[in-house]
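Novice: Sequence and predicted structure below; questions after.
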Amino acid sequence: MPDLVKPTVVCDSIGDALQQDTTRPSRTCDAHIAVAGNTVLATFTGTVDAAGVGDFVKHLTTALQTGCERVVLDGTDVDFLGADGLAVLYDVARTLTNRGGLLTVSGRRAVSRPIRATGLDRMIPVFDCLTEAVDAVGARLAAI
């Protein structure tokens, strides 16, 4: 059995949001991006709609810029995934596929239902459990 790899944090706007200045408008989509080996674990919270898609794109761009071929998106704490977010997921999945990589997604109904309803699950495997999404890309992550 291969050794487990401990993820290294690349971006953490979730922690930043907790300490955010209350006089500024809050972001609707925050992320924690960590890299372990050739896998990115991108954990998102909040709402991915027209207002939050800019943050979503920024965080997923950070994930892609790592050069990793596998991205696991944990959407367990995402409460809404709209059409703008779905379009971004399509673009990320296509980019990774062109690199020979894979995007998997885990999340509750707010995330899984729109992906399945649009047929994107044929391109982006969707799982109810984060562990299953990590296993699907063949990653061995410690402390997920």
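Specialist: Yes, it's here.
Novice: what residues does the host helix or strand of Lys58 touch?
Specialist: Lys58 is part of helix 53-65, with elements assigned from DSSP states H and E. Contact with helix 53-65 is made by 10-11, 13, 27-31, 33, 40, 42, 44, 48, 71, 73, 82, 84-85, 88, 92, 95-96, as judged by C-beta atoms under 8 Å, 6 or more residues apart in numbering. Where you see a C-beta, it was placed from the backbone N, CA and C, and this is true even at glycine.
Novice: Quick check: buried residues in stretch 65-81?
Specialist: By 16 or more other C-beta atoms under 10 Å, the buried positions in stretch 65-81 come out as 66, 68, 70-76, 78, 81.
Novice: List the buried residues for the longest helix belonging to the chain?
Specialist: Counting residues, the longest helix found in the chain (DSSP state H) is helix 83-98. Neighbour-count burial for helix 83-98, counted by 16+ other C-beta under 10 Å, picks out 84-86, 88-90, 92-93, 96.
Novice: elements contacting that helix?
Specialist: On a contact count with 3 or more C-beta pairs under 8 Å, 6 or more residues apart in numbering; DSSP states H and E, helix 83-98 meets strand 39-48, helix 53-65, strand 70-81, strand 102-106, helix 109-117.
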